[in-house]
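1. Here is the input, now give the coordinates:
(2 chains)
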Amino acid sequence: TQLLEQSPQFLSIQEGENLTVYCNSSSVFSSLQWYRQEPGEGPVLLVTVVTGGEVKKLKRLTFQFGDARKDSSLHITAAQPGDTGLYLCAGAVGRDDKIIFGKGTRLHILP
Amino acid sequence: DAGITQSPRHKVTETGTPVTLRCHQTENHRYMYWYRQDPGHGLRLIHYSYGVKDTDKGEVSDGYSVSRSKTEDFLLTLESATSSQTSVYFCAISSAGGSYNEQFFGPGTRLTVL
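-> So this is what the prediction gives:
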């Protein structure tokens, strides 16, 4: 069974601080995605990374795909209350590129 | 926002009753998915469809069936609901099934089975 482990499960920090959350697996993924989900809503795609070592930036969010395409990180600079939410990573794996999701990191930014 | 709607948005039912959830899209995307989201388990794939009348099982398909008679509609049926099927159900769509399998999610249906 391919698993995506996300850490930490929960993170509560003050506005303005930096943070990094992680997504790890023993499997190699053809692509990896990060989603953010707010209460009462469906997940919304933030980014897709495809190439090992790839780095993508989305304003204050930096996403990196590991060189071996088994892990990824999301770094947020100067966190703001609007960053609060559940962050999910999802990897495409196997011949038919099925997507599997991690359990998520619940992030709470305190004003 | 991708045009995906789910109905109903909330439902309470009793054990043993049949339940059908509907997902409707206006994007003409080929792929449609049903997930359930539970605390401690994250999002888990129930069934998916890669075209009209073409469906396949996901990792938690037992107790669920699906149908897709039109591109825009994907139905999830619980033939005889059980309390373990209490969950939030999300439909998702995508235009491709390859490495750029970017999914757009509906707003979810909260199902409670008493």
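
2. Who's the closest spatial neighbour of residue 4, skipping the chain neighbours?
-> This is for chain A. Excluding its sequence neighbours, the residue lying closest to residue A:4 (Cβ to Cβ, 6 or more residues apart in numbering or on different chains) is residue A:102, at 3.7 Å. All C-beta atoms are positioned from the backbone trio N, CA, C, and that covers glycine.

3. not quite, I wanted chain B
-> In space, and not counting its chain neighbours, residue B:4 is closest to residue B:106: 4.0 Å by Cβ to Cβ, 6+ apart.

4. dump the residue contacts of the one you found.
-> Each residue near residue B:106 by Cβ atoms under 8 Å, 6 or more residues apart in numbering or on different chains is listed here: A:42, B:4-6, B:23, B:90-92.

5. Quick one: residues contacting residue B:35.
-> Counting by Cβ under 8 Å, 6+ apart, residue B:35 touches A:101, B:43-46, B:58, B:89-92.

6. among those, which are in strands?
-> Per DSSP state E, strands hold the following members of the contacts of residue B:35: A:101, B:43-46, B:89-92.

7. Relative to residue A:61, which of these is nearest.
-> Comparing these against residue A:61 with Cβ to Cβ places residue A:101 closest, at 18.7 Å.

8. Surely that closest one and residue A:87 touch.
-> No: between residue A:101 and residue A:87 there is no contact under Cβ atoms under 8 Å: 11.2 Å.

9. Mean pLDDT per element in chain A, and the minimum belongs to which helix or strand?
-> Sorted by mean pLDDT, DSSP states H and E, the helices and strands of chain A end with strand A:98-101, the least confident at a mean of 83.

10. Contacts for it, please.
-> Strand A:98-101 is contacted from outside by A:2-4, A:33, A:88-93, B:35, B:42-45, B:101, B:103, using Cβ under 8 Å, 6+ apart.

11. By neighbour count, sort out the buried ones in the residues you listed.
-> A:4, A:33, A:88-93, B:35, B:42-45, B:101, B:103 (16 or more other Cβ atoms under 10 Å in any protein chain shown).
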